[in-house]
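K.L.:
Starting from these lines, generate the structure:
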Amino acid sequence: PAPVEPKPIPDLDDDKWYEIANEIYERVTDMHAGDLHFNTGPSGATMFKQRVDIADSFVDAYLVKDWESLMEGYVKSMAPRTRLAERFGEGEGGYNMSEQFRKVKESYASQISALDQKISAGDAKLVKQRDKLVKKQASDLRDLQIMRDRLLNMTQEPSWMNPENRGILSALRAARSWNIATMLSNVLISSIPDLARTITYHGAGNFVKAFTRSAFSRELRRLNMPKSDMAKMASAMERTSAYRLSMISEVEDGITYTRADKYAHMVADRVVTISGMKHWNSMQKTIAGHLIGDKIANHLLKGTGRSELKALGFTDGMYDEAVKQAKKFAYDDDGLMNLNLEQWESRQLVEMMEAAAIKEADKLVVTPGVGDKPLFMTTEMGRTLGQFKSFIIAATNKMTLPLLQEKGIRPWVEILAQVGLGAAVYQLREQIAGREPSDDPKTVMIAAVENTGIAGYGLELMKMGKAVTGLDPLGKEEDSKFYARGPWGTLLGPSA
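P.N.:
So this is what the prediction gives:
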């Protein structure tokens, strides 16, 4: 038979072709706004039926070939959706918290409707109250949406994804990576005071045992994994994605848009790896996991600590069952108790213990969470201007305020230990820089407090006040915890 003549290519403008391409893509992948490539709807068989064979060379520039980036993206996409779906219902409406948004709207709608009826009846004085309520509704919904999107790692504004804005987006991300490469070379030394919190919470003897097996153990060197299940969970995110450092430094998870962005991210990653900060953070979280597991195991074996576990989400029934499981499976692992969670018979209890390990480790080794950042740092510009400031916010919430609220001698011991280590860091940094350390007690104390972060917002506000007024009550011009900076860097972030 005669060959069939191909249909002529229609004369369409670029916008129409773009619309057609998007329609085909969405039809094949069944993806929705905000989804990563791991959340495709069709099953594998369906995907193969709808597959379009394209030469690898044609799409080579668009493929992500780094398996670590792919796995990290998978974890950041699927894990939070799974947890939110467990809590708020299955399906897209579950992890998007649709029902919770509906309840908030209905709650405000009933109040606004009642005010509208009174206003219609002639009570004009309630107009301001109604307007205030409408603004409060919008604010609450915005806050809820931002927190949900942060949990789902969907904080990118859609407008930034437009081709004309990707250059700006890449420049902002590259600037943050550059700041890491040039300003965090001595961050490992600056982090030494962080050890004081772990030591004073669990005792120097237990700390030495946990430190020895976390830093020098045969298991760590050969398998890069501790034996304790609690230590594994506490350090998992640090081992796989350097979670603490990424939250403090506002570094992206490897998704790049230009060649400059790609290489800036790579350089920043190499710098923090060479500096030892990745291993330091994972080691700290591993130590914390060992100590947390030991403390919980001892509580359960003695029948104590019920209030502490209830504060972590355990019910009385869960606590009683955990006591039985601990007495049955926990064992002494060379001086530290191991809960031996792998043998526990209740999956729910295991997950609760794992969540407790992560939560307590993030508190001991101060790690910013999604709720520790102001709303303006949801935007790309805000993240650039507020780079490195999230540690101060998290330190205030997780260290300074709890220290002020805690009774007894332990918080004072921690403060003294942190200040002592902070002073030692000051001496060490001055010697490394080739400067003679000051013997003025005021200078040493100011530097020691800056190195700890225990001053929280207070020190940061004083720095900003100095940048605006030129009057520095501390007599210094640099932030000693993470990076050196001048007045503009204090106000507008390190990129300034």
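K.L.:
from here on, contacts and neighbour counts on C-alpha atoms
P.N.:
Will do.
K.L.:
give the contact list for residue 309.
P.N.:
Neighbour list for residue 309: residue 319 [criterion: Cα atoms under 8 Å, 6 or more residues apart in numbering].
K.L.:
Which residues belonging to the host helix or strand of it are considered buried?
P.N.:
Using DSSP states H and E, residue 309 falls within helix 306-311. The neighbour-count check on helix 306-311 (16 or more other Cα atoms under 10 Å) flags 306, 309 as buried.
K.L.:
Check the offset of it from the chain's centre.
P.N.:
What separates the centre of helix 306-311 from the centre of its chain is 25 Å, taken as Cα atoms, centre = their mean, to the nearest Å.
K.L.:
what's the average pLDDT for that helix?
P.N.:
Averaging the model's pLDDT scores along helix 306-311 yields 90.
K.L.:
ok, now how distant is residue 373 from residue 395?
P.N.:
Per Cα to Cα, to the nearest Å, residue 373 is found 11 Å from residue 395.
K.L.:
the more surrounded of the two?
P.N.:
Higher neighbour count among residue 373 and residue 395: residue 395, with 24 against 20, using other Cα atoms under 10 Å.
K.L.:
Is it correct that the more buried one is in contact with residue 366?
P.N.:
Yes: if you go by Cα atoms under 8 Å, residue 395 and residue 366 touch, sitting 6.2 Å apart.
K.L.:
returning to what we had before: extract the C-alpha set from the helix holding residue 309 and format it as PDB.
P.N.:
Provided in PDB are the C-alpha atoms of helix 306-311 (Å, rounded to 0.1, in the frame of the first residue of the first chain):
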ATOM      1  CA  ARG A 306       5.700   8.300  83.100                       C
ATOM      2  CA  SER A 307       5.200  12.100  82.900                       C
ATOM      3  CA  GLU A 308       8.200  12.500  80.600                       C
ATOM      4  CA  LEU A 309       6.900   9.900  78.200                       C
ATOM      5  CA  LYS A 310       3.400  11.300  78.300                       C
ATOM      6  CA  ALA A 311       5.000  14.700  77.300                       C
END
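K.L.:
C-terminal to that helix, what's the next element?
P.N.:
Downstream of helix 306-311, the next assigned helix or strand under DSSP H and E is helix 316-329.
K.L.:
other SSEs contacting that following helix?
P.N.:
Contacts defined by 3 or more Cα pairs under 8 Å, 6 or more residues apart in numbering; DSSP states H and E place helix 316-329 against helix 277-302, helix 306-311.
K.L.:
Okay, buried residues for the first one please.
P.N.:
Of the residues in helix 277-302, those scored as buried under the neighbour-count criterion (16+ other Cα under 10 Å) are 277-301.
K.L.:
Likewise for stretch 401-415?
P.N.:
Using 16+ other Cα under 10 Å as the test for burial, stretch 401-415 gives 403, 411, 413, 414, 415.
K.L.:
Do you have the strands of the chain handy? List them.
P.N.:
Counting by DSSP state E, one finds strands in the chain at the ranges 331-333, 336-338.
K.L.:
can you list the ones you listed in TSV and add mean neighbour count?
P.N.:
What follows is the strands of the chain, written out as TSV (neighbours: other Cα atoms under 10 Å):
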stretch	mean neighbour count
strand 331-333	14
strand 336-338	22
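K.L.:
what about the helices in the stretch 101-250 of the chain?
P.N.:
Secondary structure of the stretch 101-250 of the chain by DSSP state H, counting those that start in this stretch: the helices cover 127-151, 163-183, 187-190, 195-202, 204-215, 218-223, 229-241, 243-249.
K.L.:
Distance from the second one to the middle of the chain?
P.N.:
In other words, helix 163-183. With Cα atoms, centre = their mean, you get 19 Å for helix 163-183.
K.L.:
returning to that earlier point: nearest to residue 96 among the strands of the chain would be which one?
P.N.:
strand 336-338 (37.3 Å; Cα to Cα).
K.L.:
Surely residue 152 touches residue 80?
P.N.:
Yes: the pair residue 152 / residue 80 is scored as a contact, 5.6 Å apart, by Cα under 8 Å.
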